[in-house]
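Peer 1: sequence-free structure coming up:
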């Protein structure tokens, strides 16, 4: 028997705004950040669980405060029951009748619960000696549906239907594990397309992306139409007709603007338009999807929970389900979302623009492949080449594919030194910046 | 010229769980709380702005942290430009490109922005020497639309359409002000109906409510159907056929459950079913509304922002718009919601179950009457008889009607002594409870 001894939190921020990495139509100068949590135990096995809320700078301390609000629910508790029944653990955290008011199931409080649940999953996978995707991919259909909260889902997906989906995918599981370990999972790259980059840098990075084996890239759009036409034309000319180019407006538009702007870019053959409008606007996405056909619609990185994904699917509002590892209620709610996507026959293509998101979402896509959809068709995981060096077991992408992680855990653990150096505002990096070093 | 000198925050909590005031199917034991903010200036006029995030206990400190995250945007700034152009002030706070990631426009961070904006409105109204409803009701249509962020709304409500609505209501403004000052605004009461109350208490409070002049009461439902049938039958027998009885499930159900449960209660003639399911489920509410006719559907207290209200109206998912003063982005976003309701012809019936919500929402309904809808038909403001004594200018309800506030401000200011005694965890009330006094 072991107990949780602490939720250690760190406010860690990377000064990415200095290079305009991550700049888009709504996010001018992000400092990729993490409200980071370590779940420590007294097991004496040197294993701890690591998770985080991803933010883009200011307000990261609010997410830290939200994680701390979960301490009373966890510190001092026995570890084994919490990890053995992570469905119940998730339900207890999300269902706290007082904390629930702060969402419900959305925003800072939900993201904090996500961080803690993800840390518990990391710990469970480390104890099992398996990468998370493999741990999940070996659970029985019954164990998997026990992880899901079907409240508010039953009009679209019942427990029984979820079981059927999972049972149908059971036969090929072992084979697909082998396939992943051998040849990985397709990636696309957003690295060339940040809005703050010059045309020269865009073209150079797009060329490199193709040379590196990527068959899909993504460009940020939405600040200025003429600029977007110029950049997309340049990108298309650079990569040729066979490389998919997705575009991403980061919620910049109203409905009619989204349709008109996307149509204006249609001659450059964009593959999907991502986050054309408010992530809350299910009906708006449905209208946009009709209006921009044959350009496809992708969204999800800011979709707050399974209820929004359910409606996006019910309303035929999206073509791609862009789940995020750190916004909805952790691994558990993402299992629900993967199941919803399978029910409606839509590919899961995770969001990973940030710090540590590539590390985590790869496990969710690989779980989807092994145990749910059983398919990689039209499925890609976003890849951005920033800050992987901060992680103990960084994502490995080569020839345009994610290598299947083999280290035990959720790949969510940062180096202690990174946590220390980039701690805000007193870590050495910030101390230097704030002393005028920049 | 004056400057903002501080955002003073207080974590204030009332131990309402000790009496089960506020108990419902999802909120078993709320401690009505406020993440309270005072905007102080150096104007030397003894006026400060007061606002708060309403929560139900645990996590109130997270909302306090979120308010503190707004300090750099306000402290040290000149007051007059901020108050003169509260449209720009709102846009700057909500549009902060880094803080935005924590929502966007939802959850803890949005509620904190709401608290600060409401405090600024309180200050502006105090400086003008007017109650907020009168201040708003005397702004020109152009000034009012300048307060609204039409982003994401234009497919349902354009600036021009909003102007038309406001201009159409201009002629009768002065007359309606007089009418409000003379005879107030209709209220309904939730006081009898909390789920934790005994049948005897329910019947006694329902009898008192009718004697007090209320023509509508509300009962919490959703924990147990047989209990609900018994309680509704008792309530109906107690108040007779002419008093409206609304029922409120506080998000308890999935779609089919909501329809079946409400139909099972239909013989007791419920007026509306409130929050039947997830506040995020626009499509679900639309299906429920079709399924429970002629019982009406009301929701909104947990609707996170104008985009959700827009869709609820577009989808014909609700009959009543239950705006909340402290969840969406403050007075500004509530003006947008009042305008949306007018555009779609749905009555605004604010949520006020909590602490200080009655005090604030009365201003919004009265503004609606004076300057937007121009009507009280089928409109009621919720009233709960808890904790008004904590406020400097408490709500006055008599003969089932809210008296129009005449004191300058937003009625959002708590007594300093209340803030002091109920500060969590060190105020005298909590010190006594925690020392075993309870």
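Peer 2: Okay, I see it. Please read these numbers as outputs of a predicted model, since none were measured by experiment. Numbers count the residues shown, from 1 in each chain, chains lettered A, B, ... in the order given.
Peer 1: Do a quick rundown of the strands in the stretch 201-350 of chain A.
Peer 2: Shown for the stretch 201-350 of chain A, the strands assigned by DSSP state E, counting those that start in this stretch span residues A:216-220, A:244-248, A:270-274, A:296-299, A:320-321.
Peer 1: The first one near chain B anywhere?
Peer 2: No. Counting by Cβ under 8 Å from any Cβ of the partner chain, no contacts exist between strand A:216-220 and chain B, the nearest distance being 13.5 Å. All C-beta spots, glycine's among them, are computed from the backbone N, C-alpha and C.
Peer 1: That strand - which strands sit beside it in the sheet, and in what orientation?
Peer 2: Applying DSSP bridges, strand A:216-220 is found paired with strand A:185-193 (parallel), strand A:244-248 (parallel).
Peer 1: if you average pLDDT over each of these, which comes out lowest?
Peer 2: When the strands paired with strand A:216-220 are ranked by mean pLDDT, strand A:185-193 comes last with a mean of 94.
Peer 1: what's the offset of it from the middle of its chain?
Peer 2: Put simply, strand A:185-193 sits 14 Å off its chain's centre (Cα atoms, centre = their mean, to the nearest Å).
Peer 1: Residue of chain A closest to chain B, please.
Peer 2: Closest contact between chain A and chain B, by Cβ to the nearest Cβ, is at residue A:107 (1.5 Å).
Peer 1: Give me the pLDDT for that residue.
Peer 2: With respect to pLDDT, residue A:107 scores 98.
Peer 1: Name all residues that make contact with it.
Peer 2: Residue A:107 makes contacts with A:304, B:102-103, B:106-110, B:304, as judged by Cβ atoms under 8 Å, 6 or more residues apart in numbering or on different chains.
Peer 1: which parts of the stretch 201-350 of chain A sit against chain B?
Peer 2: Residues of the stretch 201-350 of chain A lying close to chain B by Cβ under 8 Å from any Cβ are A:251, A:254-256, A:277-284, A:287, A:302, A:304-305, A:307-308, A:310-311, A:314-315.
Peer 1: Most neighbours among the contacts of residue A:107, which one?
Peer 2: residue B:108 (34 neighbours; other Cβ atoms under 10 Å in any protein chain shown).
Peer 1: Regarding chain A, what is its longest helix?
Peer 2: Ranked by residue count and defined by DSSP state H, the top helix of chain A is helix A:107-128.
Peer 1: ok, so of the contacts of residue A:107, who is nearest residue B:156?
Peer 2: Ranked by distance to residue B:156 (Cβ to Cβ), the contacts of residue A:107 are led by residue B:304 at 16.6 Å.
Peer 1: Just give me the neighbour total for residue A:206.
Peer 2: For residue A:206, the neighbour count with other Cβ under 10 Å is 26.
Peer 1: Please report how far it lies from residue A:222.
Peer 2: 19 Å (Cβ to Cβ, to the nearest Å).
Peer 1: swap in residue A:47?
Peer 2: The spacing between residue A:47 and residue A:222, counted by Cβ to Cβ, is 44 Å.
Peer 1: Same question for residue A:54.
Peer 2: Going from residue A:54 to residue A:222 by Cβ to Cβ gives 21 Å.
Peer 1: so who does the residue sitting nearest the centre point of chain A touch?
Peer 2: Nearest to the mean C-alpha position of chain A, by Cα atoms, centre = their mean, lies residue A:324 at 2.6 Å. By Cβ under 8 Å, 6+ apart, the contact set of residue A:324 is A:300-303, A:350-351, A:357, A:361.
Peer 1: Any stretches of the stretch 51-200 of chain A with poor pLDDT?
Peer 2: The stretch 51-200 of chain A contains no residues with pLDDT under 70.
Peer 1: How about the residues of it by chain B?
Peer 2: A:55-59, A:61-63, A:65-66, A:69, A:72, A:96-112, A:151-155.
Peer 1: if I pick residue A:350, what's in contact with it?
Peer 2: Contact analysis of residue A:350 by Cβ under 8 Å, 6+ apart lists A:322-325, A:357, A:361, A:364-365, A:381-382.
Peer 1: Ok, residue A:393 next?
Peer 2: Counting by Cβ under 8 Å, 6+ apart, residue A:393 makes contact with A:359, A:405, A:407, A:409, A:411, A:413.
Peer 1: Please repeat the previous calculation with a cut-off of 6 Å.
Peer 2: Counting by Cβ atoms under 6 Å, 6 or more residues apart in numbering or on different chains, residue A:393 touches A:407, A:411.
Peer 1: Give me the three-state assignment for it.
Peer 2: At residue A:393 the chain is in coil, as set by DSSP: H, G, I helix; E, B strand; the rest coil.
Peer 1: Which pLDDT does the model give it?
Peer 2: Taking residue A:393 on its own, its pLDDT is 98.
Peer 1: any idea how far it is from residue B:225?
Peer 2: Taking Cβ to Cβ, one finds residue A:393 at 51 Å from residue B:225.
Peer 1: same question, residue A:339
Peer 2: Distance, residue A:339 to residue B:225, using Cβ to Cβ: 29 Å.
Peer 1: neighbour count winner among the two?
Peer 2: Each of residue A:339 and residue B:225 has its neighbours counted (other Cβ under 10 Å); residue A:339 has more, 26 against 14.
Peer 1: Alright, calling it a day.
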